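Just the structure for this:
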Amino acid sequence: MILGLEARADVCGWALLDTAARSFVDLGVVTALGADVAGMAGAREGHAAAEKLRGALGAIAIEAVAVSHAPTLGFAWGVVVGLALYYRPELAEVPPARWHRVLLPNVHARPEPEAARSVAVHLLSKHAAAVTAMRRVPEQHQDLALVAAMMALAVAVRPR
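Below is the predicted model of the structure:
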């Protein structure tokens, strides 16, 4: 299993990819408690996702720039550190926009955000669990969950 994370200061998009089944298990966002009404729901969803990981998490995919700016990320970095300490997975740093280069090999320049989002939505549309999960994600946070999913996928298909 690979957990993709798109970390921001007060919200963290996540996606769980089962590499053996070649399918997304779930995705969502976790917001800082008290940040908004969805915060508690996000925390419950995050806990449910963590239970799915028990004994199965092999890697966490996180953008390299997030790792280098860890002190400024606050809440989201706490999520990453907690997961890493608890599960002890590989920490797979994904350089900014790497998922674009891995998953869109014929696109030589970084695609426009809307084009990249369209590709991500198309790839996730093949996974029923991801489609269902995306409906639960507040619209303003959906891009975080999409990027988290694409980073997990980029790590899964990377050459070893």
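
Run through this structure and note the low-pLDDT ranges.
For the chain, the stretches with pLDDT under 70 are 9, 32-56, 64-87, 96-97, 107-111, 159-160.

For it, just list every one of the helices.
With helices called from DSSP state H, the chain shows them at 38-53, 64-68, 70-73, 75-87, 98-103, 113-124, 128-136, 142-157.

what does the last one rub up against?
The reference is to helix 142-157. Residues outside helix 142-157 that contact it (CB atoms under 8 Å, 6 or more residues apart in numbering) are 2-6, 8, 11-17, 19, 24, 27-29, 59, 61-63, 92, 94, 98-99, 102-103, 117, 120-121, 123-124, 130, 133-134, 137. Yep, even glycine has a C-beta here, placed from its N, CA and C like the rest.

Just the buried residues of that helix, please?
Buried residues in helix 142-157, defined by neighbour count with 16 or more other CB atoms under 10 Å: 142-156.

could you check the angle helix 113-124 makes with it?
Helix 142-157 and helix 113-124 are oriented at 60 degrees to each other (axes from the mean of the first three to the mean of the last three CA atoms, to 10 degrees).

Export only the CA atoms of helix 142-157, formatted as CSV.
Once non-C-alpha atoms are left out, helix 142-157 reads as follows in CSV (Å, rounded to 0.1, in the frame of the first residue of the first chain):
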residue,chain,number,x,y,z
GLN,A,142,-10.8,18.0,-4.0
ASP,A,143,-7.6,19.1,-5.7
LEU,A,144,-5.6,18.1,-2.6
ALA,A,145,-7.1,14.5,-2.7
LEU,A,146,-6.5,14.3,-6.5
VAL,A,147,-2.8,15.3,-6.2
ALA,A,148,-2.3,12.9,-3.3
ALA,A,149,-3.7,10.1,-5.5
MET,A,150,-1.5,11.0,-8.4
MET,A,151,1.6,11.1,-6.2
ALA,A,152,0.9,7.7,-4.8
LEU,A,153,0.4,6.4,-8.4
ALA,A,154,3.7,8.0,-9.5
VAL,A,155,5.6,6.2,-6.7
ALA,A,156,3.9,2.9,-7.5
VAL,A,157,5.0,3.0,-11.2
